[in-house]
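S.K.: only geometry, no sequence info:
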């Protein structure tokens, strides 16, 4: 298995450290989880683990003592357990997508993109991975990363 952790920064790009980040997360980090999971599966991995799946609003605590983003943020700043808020970040939804559609025991099937069948050359990134499921069905995971009007990337 593999795992990922995105250390928090205080850049304007992802809004880390403010209430917007706590409540909404950062889609680029969810995208990173998706690419990491798919890359690991493509390389023969049979599992993927998030070491810090739930952290507080500061991005901790964790085993190293640094501050990270996480799929689930528990805002404990009020000090009152009855007032604690839970926020699901984009990484949570990416992990959920794989868990829902890629069944245990599925195997990656070799594939290639034939010239002329690929997306238009103005697209940033196109990746595709087919899997054979235990029940005999096939699953095709495709990500198409394109620049959006908001200046960020999105997967289609």
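M.R.: That came in fine, so what should we check first? Everything quoted here is computed from the prediction, not taken from an experiment.
S.K.: A strand includes residue 131, no?
M.R.: Yes. Using DSSP: H, G, I helix; E, B strand; the rest coil, the assignment for residue 131 is a strand.
S.K.: The helix ranked longest in the chain: which residues count as buried?
M.R.: Under DSSP state H, the helix in the chain containing the largest number of residues is helix 27-42. For helix 27-42, a neighbour-count test (16 or more other Cβ atoms under 10 Å) marks 27, 29-38, 40-41 as buried. Bear in mind the C-beta positions are built from the backbone N, C-alpha and C, glycine included.
S.K.: Switch those residues over to JSON lines, and while doing so, append distance to residue 108 and pLDDT to every line.
M.R.: Below are the buried residues of helix 27-42 laid out as JSON lines (distance: Cβ to Cβ, whole Å; pLDDT from 0 to 100):
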{"residue": "27", "distance to residue 108": "25", "pLDDT": "83"}
{"residue": "29", "distance to residue 108": "24", "pLDDT": "84"}
{"residue": "30", "distance to residue 108": "22", "pLDDT": "84"}
{"residue": "31", "distance to residue 108": "20", "pLDDT": "82"}
{"residue": "32", "distance to residue 108": "20", "pLDDT": "82"}
{"residue": "33", "distance to residue 108": "18", "pLDDT": "84"}
{"residue": "34", "distance to residue 108": "15", "pLDDT": "84"}
{"residue": "35", "distance to residue 108": "15", "pLDDT": "81"}
{"residue": "36", "distance to residue 108": "15", "pLDDT": "84"}
{"residue": "37", "distance to residue 108": "12", "pLDDT": "85"}
{"residue": "38", "distance to residue 108": "9", "pLDDT": "82"}
{"residue": "40", "distance to residue 108": "11", "pLDDT": "83"}
{"residue": "41", "distance to residue 108": "6", "pLDDT": "81"}
